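Novice: could you look at this predicted model? Sequence included:
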Amino acid sequence: MIIWICLIIVPLLFGLYAQMRVSSAYSKNLQIPSRGQITGREAAAAVMESAGIHDVEIVEVEGKLSDHFDPVKKQLALSSDNYRGSSLAAVGVAAHEAGHAIQQKVGYAMMSFRQTLVPAAQIASPIAWGILSFGIMLASLLGARALGIMMLQVGAVALTVIALFQLVTLPVEFDASRRAKVQLVNLGILQSDEMHGVNETLDAAALTYVAAFVSTLGNLLYILMMLSGGRRDD
């Protein structure tokens, strides 16, 4: 029981905390306008322009915090609040996504590595959670123990792929935020005393990536302990 709490429940609670923190930080700084009144779209365009990037399309998408950069389509997607808004949160998130475009432009190694893992991670995700849920149930039944163990082994491999993808994602996200923060000040988009709101928003967002990795790692370790006979109900 103690091991289950440490590897499953604690990471789950950490993930919930991270989601609450990013939601709170984003909502708070979405209400604080930047002095320059530059929209997120304009900020992203300025950051990419300064890096000599002219072939990335900036588009508006639905949803909250649905912002992302697609290096294959060369498309930077911003949610409506960040595309049209001029808040500290909007400018910070938009510049962060532009930071990913800069990573592609300069050939940032970790981003390239992450992209090679995308297909494997997309395949592994449904396998991991679907097979593991069923595998744990079968492994607990005497008549289906062999099949359950086999499914757990497949699930463990899938979880390993996901964990590796999430681990590589961490430096990619941190680096994009670093690039964004530097450019926002250097280009005069924000003043240095406005950066607190940007830092708060982007740091909270980064925490969600850390929480996702910790949760996956906890699940993987728990499954490996089950396979090795190390599960205890103490």
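Specialist: Now that the structure is in, tell me what you want to look at. Numbering: from 1, shown residues only.
Novice: need the helices for this structure, in chain order.
Specialist: According to DSSP state H, the chain carries its helices in the segments 2-4, 10-30, 40-50, 80-84, 88-106, 109-139, 145-186, 195-227.
Novice: tell me what the last one is packed against?
Specialist: Right, helix 195-227. Using 3 or more C-beta pairs under 8 Å, 6 or more residues apart in numbering; DSSP states H and E, the elements in contact with helix 195-227 are helix 2-4, helix 10-30, helix 88-106, helix 109-139, helix 145-186. Yep, even glycine has a C-beta here, placed from its N, CA and C like the rest.
Novice: now do the first one
Specialist: Helices and strands touching helix 2-4, as assessed by 3+ C-beta pairs under 8 Å, 6+ apart, comprise helix 195-227.
Novice: in the protein, which residue is most central in space?
Specialist: Using C-alpha atoms, centre = their mean, the residue of the chain that lies closest to the mean C-alpha position is residue 209, 4.2 Å off.
Novice: separation between that residue and residue 39?
Specialist: Counting by C-beta to C-beta, to the nearest Å, the gap between residue 209 and residue 39 amounts to 26 Å.
Novice: apart from its neighbours in sequence, what residue is nearest residue 198?
Specialist: The shortest distance from residue 198 to any non-neighbouring residue, by C-beta to C-beta, 6 or more residues apart in numbering, is to residue 92 (3.6 Å).
Novice: OK, contacts around residue 59?
Specialist: Residues in contact with residue 59 (C-beta atoms under 8 Å, 6 or more residues apart in numbering) are 75-78.
Novice: repeat that for 7 Å
Specialist: 75, 77 (C-beta atoms under 7 Å, 6 or more residues apart in numbering).
Novice: same deal with the one 5 residues further on?
Specialist: By C-beta under 7 Å, 6+ apart, the contact set of residue 64 is residue 79.
Novice: what score does it have for pLDDT?
Specialist: According to the model's per-residue confidence, residue 64 sits at a pLDDT of 92.
Novice: what's the spacing between it and residue 13?
Specialist: According to C-beta to C-beta, residue 64 stands 23 Å off from residue 13.
Novice: residue 187 reaches residue 51, doesn't it?
Specialist: No. Because the distance of 10.6 Å does not satisfy C-beta atoms under 7 Å, residue 187 is recorded as not touching residue 51.
Novice: returning to what we had before: so how far is residue 226 from the residue nearest to residue 198?
Specialist: 42 Å.
Novice: who's more crowded, the two?
Specialist: Summary of the neighbour comparison: residue 92 and residue 226, criterion other C-beta atoms under 10 Å, with residue 92 having more neighbours (31 against 19).
Novice: do you know how far that one is from residue 190?
Specialist: For residue 92, the distance to residue 190 under the criterion C-beta to C-beta works out to 8 Å.
Novice: ok, residue 51 next?
Specialist: For residue 51, the distance to residue 190 under the criterion C-beta to C-beta works out to 17 Å.
Novice: the more surrounded of these two?
Specialist: Relative neighbour count places residue 190 above the other of residue 51 and residue 190, with 23 against 17, counting by other C-beta under 10 Å.
Novice: hmm, that one is touching residue 90, no?
Specialist: No. No contact is recorded between residue 190 and residue 90 when judged using C-beta under 7 Å, the distance being 11.3 Å.
Novice: thinking again about what came up before, which residues do residue 92 and residue 190 both contact?
Specialist: residue 198.
Novice: most packed of the helices of the chain?
Specialist: helix 88-106 (a mean of 26; mean count of other C-beta atoms under 10 Å).
Novice: so that helix versus helix 40-50, what angle?
Specialist: Following axes from the mean of the first three to the mean of the last three C-alpha atoms, to 10 degrees, one obtains 30 degrees for the angle between helix 88-106 and helix 40-50.
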